[in-house]
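J.: I would like to see how this sequence folds:
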Amino acid sequence: MGRPFLEYTDDDRQARYTCAHCNCDIGSTSAVTWTGYMGPRSEPAILFTTTVNCEQSSSQREERLSTGVFTLQDVKCRICQMWLGWLYVTANNMDQKFKEGKVLLQRSLLSRARPRIVGAGSGSDMEAGAQHGGLLLPCIPGQMLRRQAAGLLWMTT
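T.: Okay, here's the model as predicted:
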């Protein structure tokens with residue numbers, strides 16, 4: 001099978017949501033368009049415009065929800081394979097078309113994480129990161145975690 005490709009949210013200054021089971025990034029707070037409830041038990045949920053580290057199931061289903069009939073596709077965490085919610089593929093009601101292509105995830109299966117970079121930063125660390133094409137992120141004392149724009153991470157001393 002191989003090792004899964006891990007992605008990271010784009011903005012390190014924004015708080016983010018992670019998988020509650022394996023702690024990998026799922027979405028940024030800037031990608032949240034709506035919070036409400038999902039399913040017959042009215043579980044708290046969050047609607048995202050974009051997510052990372054999520055995989056869709058191969059099968060689609062048509063389901064009647066409280067706001068209309070939708071074609072849905074289940075979404076799970078790419079790393080731990082935990083079911084997280086669903087993708088709105090199509091909406092039959094015109095007033096619900098804004099949900100198409102967006103992902104609704106169950107809030108209890110997510111954890112909210114602080115931003116990776118707090119504050120505007122000052123001095124050499126931020127400048128050094130910019131000079132080398134990435135941002136320096138605090139990690140282990142005496143080491144820094146470098147993040148490239150492509151989302152790749154590596155350790156540096």
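J.: which intervals of this structure have sub-threshold pLDDT?
T.: 1-5, 40, 118-157 (pLDDT under 70).
J.: try it again with 50
T.: Scanning the chain for pLDDT under 50 picks out 120-157.
J.: ranges for the strands of it?
T.: 16-19, 25-28, 32-38, 43-48, 54-56, 61-65, 68-77, 83-91, 103-106, 110-113, 134-138, 144-148, 153-156 (DSSP state E).
J.: Please identify the most buried of those strands.
T.: Highest mean neighbour count among the strands of the chain (mean count of other CB atoms under 10 Å): strand 25-28, with a mean of 24. In short, each C-beta sits where N, CA and C put it, glycine included.
J.: related to what we said a few turns ago, what's the closest of the strands of the chain to Asp10?
T.: Asp10 lies closest to strand 25-28 among the strands of the chain, at 6.5 Å (CB to CB).
J.: For that closest one, which helices and strands make contact with it?
T.: Other elements packing on strand 25-28 under the criterion 3 or more CB pairs under 8 Å, 6 or more residues apart in numbering; DSSP states H and E are strand 16-19, strand 43-48, strand 103-106.
J.: in its sheet, what does that strand sit against?
T.: If you go by DSSP bridges, strand 25-28 pairs up with strand 16-19 (antiparallel).
J.: who touches the strand it pairs with?
T.: Strand 16-19 is contacted by residues 9, 24-29, 46, 53, 77, 79-80, 82, 84, 105, 109-113, 115 when judged by CB atoms under 8 Å, 6 or more residues apart in numbering.
J.: and if you look at stretch 34-51?
T.: Residues contacting stretch 34-51 (CB under 8 Å, 6+ apart): 17, 26-28, 31-33, 75, 85, 99, 102-108, 110.
J.: Recalculate using a threshold of 10 Å.
T.: Residues from elsewhere that reach stretch 34-51 (CB atoms under 10 Å, 6 or more residues apart in numbering): 7, 9-10, 17, 25-33, 54, 63, 65-67, 75, 78, 84-88, 98-99, 101-110, 112.
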